[in-house]
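**Q** what shape does this take:
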Amino acid sequence: MAVRGGIVALNFAVMIGLAAYLGLAAFGALVVLWGFSLIASTALSLGGPLLLLGRLNDGTGMSRAGIILHVLIGPAVLAVIALPVLQLALPSQPWVAILVAGFAINLVTCLASFMRAVGSVQMSMALRDAGPIIALGIVGVTAAGAGQTILQAALWLGALATCVAAWCLCHANRGMVIRRKGATPPVNWALWSTSILGMALAQVDIVIGGSFLSAEQIGFYALLRRVTNLVALPVSVATWVSAGPVTAAFAAKDGYELKKAAAKGSQIALIPGVILFTGAIAAIPLLDALTGQTGGRTTFALLATGALVQVIFASSFTVATLCGQARAAALARGVSIGLYFVLVGIKTPGGMTGN
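**A** Numbers count the residues shown, from 1 in each chain. Down below sits the predicted model:
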């Protein structure tokens, strides 16, 4: 929990620093492109990070060819195929930068799954959740324009991934997960679809909101959401800690241990999440002074409540995606995204609160 708190504090500091340095308009343009890049990373992944997390933790391991296929070859081929289609469909966006950043983010996420499998829980979580935002922060204060910032952040992530890959290949436990006779599993379409929908659900209000809110509004909205994301902080800890035991119990067909692992994940998330939610609601009267803006109180309260819902159902998606119920998770996320479009259509123009 302390490591996760440090990661969130670092993410928060980078985003607040970029907003203060760039101004809300430039920050708003940057977070919209970053949202596109995060969605691209999941779309290019072919479900690789979750597949690695499951296969490398359940004791079966994977072949070298399987790892290379899911981590490098599949995402690269898909990016090359997607580029001309996206440039034709939405020529206004810098798709080369977005796809390169998406590939780099996915590569780091896959390596984090590998690190988690060899027993490095804290370092893997730091890599997955702090690596991309650190790269964005490093180049955000020097690059000219949002597109160049995204592209240069991808190059920094590539350098980081190279170092991490070398560490993984030299790790003493690598033989436990990379096996000559290990499987080369095919693409898991259910995992891929639920991953895409999960990331889309996390970013849809940024990328779609950016199309009808002004740059300053979407920048302020992104700041408010960054603050309320603190409420859901314990969910990531619960997921990362319980993923291994959940996968192992499911592979062993041990329902009792599976229930214990799921319950532990919920226990890790619930009490800290409720405390953080209470603190967020108590801070609403101070919101204007803290952000230097006005008019965000209702939006802030709605976002904080949404984060609390994530806390209450902390173990649901972990169990679903790792225990053969990925289609149910995908359906739930698809319905949520559909509701977002319906409600935005009803409320637009509704400003930040409508979004």
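**Q** can you list the low-confidence ranges for the protein?
**A** Residues of the chain meeting the criterion pLDDT under 70: 57-60, 180-183, 289-294, 347-349.
**Q** ranges for the helices of the stretch 201-350 of the chain?
**A** 209-212, 215-228, 233-251, 255-282, 287-291, 297-312, 316-322, 326-347 (DSSP state H, counting those that start in this stretch).
**Q** distance to Ile196 and mean neighbour count added to these, as TSV?
**A** Every residue, glycine included, has its C-beta placed from N, CA and C. Below are those laid out as TSV (distance: least, CB to CB, whole Å; neighbours: other CB atoms under 10 Å):
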stretch	distance to Ile196	mean neighbour count
helix 209-212	19	18
helix 215-228	20	22
helix 233-251	18	22
helix 255-282	23	17
helix 287-291	32	13
helix 297-312	18	18
helix 316-322	12	22
helix 326-347	8	15
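**Q** Ala144 should be in a helix, yeah?
**A** No - read with DSSP: H, G, I helix; E, B strand; the rest coil, Ala144 is coil and lies in no helix.
**Q** list the contacts of it.
**A** With contact set as CB atoms under 8 Å, 6 or more residues apart in numbering, Ala144 has no partners.
**Q** need phi/psi at it.
**A** Main-chain torsions, Ala144, degrees, to the nearest 10: phi -100, psi 110.
**Q** gap between it and Leu33?
**A** 14 Å (CB to CB, to the nearest Å).
**Q** and if you look at Leu169?
**A** Between Leu169 and Leu33 the computed distance is 33 Å (CB to CB).
**Q** next one: Gly158
**A** With distances taken as CB to CB, Gly158 is found 18 Å from Leu33.
**Q** next: Met125.
**A** Using CB to CB, Met125 is found at 25 Å from Leu33.
**Q** could you do Ile67 as well?
**A** For Ile67, the distance to Leu33 - CB to CB - is 30 Å.
**Q** redo the helices of the stretch 201-350 of the chain as JSON lines? Include distance to Val108.
**A** Shown next, in JSON lines, are the helices of the stretch 201-350 of the chain (distance: least, CB to CB, whole Å):
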{"stretch": "helix 209-212", "distance to Val108": "24"}
{"stretch": "helix 215-228", "distance to Val108": "20"}
{"stretch": "helix 233-251", "distance to Val108": "15"}
{"stretch": "helix 255-282", "distance to Val108": "24"}
{"stretch": "helix 287-291", "distance to Val108": "30"}
{"stretch": "helix 297-312", "distance to Val108": "23"}
{"stretch": "helix 316-322", "distance to Val108": "19"}
{"stretch": "helix 326-347", "distance to Val108": "22"}
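**Q** looking at those helices, spot the one closest to Ala130.
**A** Ala130 sits nearest to helix 233-251 of all these, at 11.4 Å, using CB to CB.
**Q** quick one, that closest one and helix 297-312 angle?
**A** Counting by axes from the mean of the first three to the mean of the last three CA atoms, to 10 degrees, helix 233-251 lies at 30 degrees to helix 297-312.
**Q** packing partners for helix 233-251?
**A** helix 2-22, helix 48-57, helix 95-117, helix 121-140, helix 255-282, helix 297-312, helix 316-322 (3 or more CB pairs under 8 Å, 6 or more residues apart in numbering; DSSP states H and E).
**Q** right, so of those helices, which gets closest to Leu72?
**A** Taking CB to CB, helix 95-117 is the member of the helices and strands packed on helix 233-251 nearest to Leu72, at 7.5 Å.
**Q** start to end distance for stretch 138-156?
**A** End-to-end span of stretch 138-156 (CA to CA, to the nearest Å): 9 Å.
**Q** what are the buried residues along it?
**A** 139-140, 143, 146-147, 149-154, 156 (16 or more other CB atoms under 10 Å).
**Q** again with stretch 65-77
**A** Buried-residue list, stretch 65-77, by 16+ other CB under 10 Å: 66-67, 69-72, 74-75.
**Q** do the same with stretch 4-23
**A** Across stretch 4-23, burial judged by 16+ other CB under 10 Å covers 4, 7-8, 10-12, 14-15, 18-19, 22.
**Q** which residues are contacting it?
**A** With contacts defined as CB under 8 Å, 6+ apart, stretch 4-23 is touched by 27, 30-31, 125-126, 129-130, 133-134, 136-137, 140-141, 219, 222-223, 226-227, 229-230, 233-234, 236-237, 240.
**Q** which of the helices of the stretch 201-350 of the chain sits closest to Val80?
**A** In terms of CB to CB, the element of the helices of the stretch 201-350 of the chain nearest to Val80 is helix 326-347, at 25.7 Å.
**Q** run through the residues that contact Val309.
**A** Contacts here follow CB under 8 Å, 6+ apart; on that basis Val309 touches nothing.
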